[in-house]
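Chemist: Sequence plus the predicted model coming up.
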Amino acid sequence: MATSVTVAATGDRAGGPPLVLVADDSEANVELLVDQLEGLGFRVVVARDAPQAIAACVEHRPDIAILDISMPAGDLAVPDRDAGFEVCRRIKRDPRTARTPVVFVSALNETSDRVKAIEAGSDDFLGKPYHRLVLNARVQSLLKLKGATDALEESLKRLRELQKVRDDLMKMIVHDLKAPLTSILATLEMMRDGDFGEFTEQQARALSDSEGKAEDLLGLIEDLLEVSRIEERTLPLAPEQIAPAALLAEIVYDWNLRFQQEGAVASVDVADDAPVIVADKALIKRVLSNLVQNAVNHSPGPVALHLSARRDPHGILFTVADNGPGIPADYQEIIFRKFEQVHAQHAPRVRSSGLGLTFCRLAVESHGGRIWVTSKEGEGSTFYIRLPLMAQFPARGVSDA
């Protein structure tokens, strides 16, 4: 048996007629298929055994492959009777040829053969004898599908490239903004502390307002940097033992002054069986604080918060519940996506980057956990955070908060 691959039609590959690979060890079958395909305007490359078919697919990158089932298997370690199935499997496994449509044209037309063809990854199956026009219709249909798939893949590739350029530009700008803004905040703090002389009450209020707006801007910059670092998994997590009662008490203590200012009330309920967990305390504390902040900021009036922790079959379950305006059902999934925001009708307008809940989701998922929300408009929201007892920290790491 000859081992060379023959090309039955030549021409410029780019922009030329579609190229079809025909793999069959029967000279009569090959001649018939070549004549029919060339008559339909296709170019043809021929392989006469299984190894040749695989090599020809990689070398010539045909637009479609037509395979017989039974052909010499060569060194593929399968029976000749199943060699075509193995060729199809290898074509579909190779990233270079995976999108090549494969059509079996075979006299082996039992149901079991068709099932094996599907399992191998084939796109179509024609039993012999077949009609020339049916072959043409099947080939043309698969070529159109491949063209659409290739165009979509190219569009996705360009989109990924543009997204990378955009993200790199954003990170560069954000880093460049942070340094001067930090200096501005330091200067404002010195002025507020009287290092440059006394201010009138009106000037002091204006200065305090400016400092608050600068801190808001710095917070937005930090949100962008934190989400970017977590997505890239650039920094390691810092695992430590966390007692849930102490963690929730610490959060309420940190927010106590703000609660007094806003008229908010908070309660804590930690079940006796709530276990100690191993996690990055800074990240988990930031997640819970973000949820508290959202409840306070987006409620039109004083809000009542309830923080709890209890044992869960998967580890521990934290909840942060409020009696605020609630979240519409249609938004309860998208709020965890980057830059998505929901403004309640009567909630105050506050600075929001649309990144806070994205950070929460990424931070929780980096621990092998899950975060979700249940809510009804006008009746408040409850956020659930499920964490394992010991997080499976990835070696590649995740950003701190």
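Modeler: Structure received.
Chemist: Relative to residue 186, how far out is residue 180?
Modeler: 11 Å (C-beta to C-beta, to the nearest Å). No exception for glycine: its C-beta is placed from N, CA and C like everyone else's.
Chemist: again, but for residue 320
Modeler: From residue 320 to residue 186 the distance is 33 Å (C-beta to C-beta).
Chemist: These two - which one has more neighbours?
Modeler: residue 320 (25 against 10; other C-beta atoms under 10 Å).
Chemist: excluding its backbone neighbours, what's nearest that one?
Modeler: residue 291 (4.2 Å; C-beta to C-beta, 6 or more residues apart in numbering).
Chemist: Okay, buried residues for stretch 208-222 please.
Modeler: 211, 214, 217, 218, 220, 221, 222 (16 or more other C-beta atoms under 10 Å).
Chemist: now stretch 35-52
Modeler: 36-37, 40, 42-52.
Chemist: Of those, which belong to strands?
Modeler: Using DSSP state E, the members of the buried residues of stretch 35-52 that fall in strands are 43, 44, 45, 46, 47.
Chemist: who touches the last one in this structure?
Modeler: In this case it means residue 47. Contacts for residue 47 (C-beta atoms under 8 Å, 6 or more residues apart in numbering) come out as 5, 21, 22, 23, 53, 55, 56.
Chemist: Make sure the second one is actually in contact with residue 59.
Modeler: I take that to be residue 21. No: assessed by C-beta atoms under 8 Å, residue 21 is found out of contact with residue 59, at 10.1 Å.
Chemist: ok, these two, which is more surrounded?
Modeler: residue 21 (26 against 10).
Chemist: measure the more buried one to residue 105 for me?
Modeler: Counting by C-beta to C-beta - residue 21 and residue 105 are separated by 12 Å.
Chemist: next one: residue 58
Modeler: Distance from residue 58 to residue 105, by C-beta to C-beta: 21 Å.
Chemist: So which of the two has more stuff around it?
Modeler: residue 105 (22 against 14).
Chemist: doesn't the more buried one fall inside a strand?
Modeler: Yes: under DSSP: H, G, I helix; E, B strand; the rest coil, residue 105 falls within a strand.
Chemist: how close does it get to residue 241?
Modeler: 65 Å.
Chemist: now swap in residue 140 and tell me
Modeler: Counting by C-beta to C-beta - residue 140 and residue 241 are separated by 65 Å.
Chemist: who's more crowded, the two?
Modeler: Legend: neighbour count by other C-beta under 10 Å for residue 140 and residue 241, higher for residue 140 (14 against 10).
Chemist: I'd like the distance between that one and residue 390.
Modeler: For residue 140, the distance to residue 390 - C-beta to C-beta - is 57 Å.
Chemist: what number of residues lie near residue 116?
Modeler: 19.
Chemist: How is it assigned, secondary-structure-wise?
Modeler: helix.
Chemist: coming back round to it: list the helices and strands the helix or strand where the residue nearest to residue 320 lies packs on?
Modeler: According to DSSP states H and E, residue 291 maps onto helix 281-297. When contacts are defined as 3 or more C-beta pairs under 8 Å, 6 or more residues apart in numbering; DSSP states H and E, helix 281-297 packs onto strand 239-242, helix 244-254, helix 256-262, strand 304-312, strand 315-322, helix 356-366, strand 381-387.
Chemist: same thing but 7 Å
Modeler: With contacts taken as 3 or more C-beta pairs under 7 Å, 6 or more residues apart in numbering; DSSP states H and E, helix 281-297 sits against strand 239-242, helix 244-254, strand 315-322, helix 356-366.
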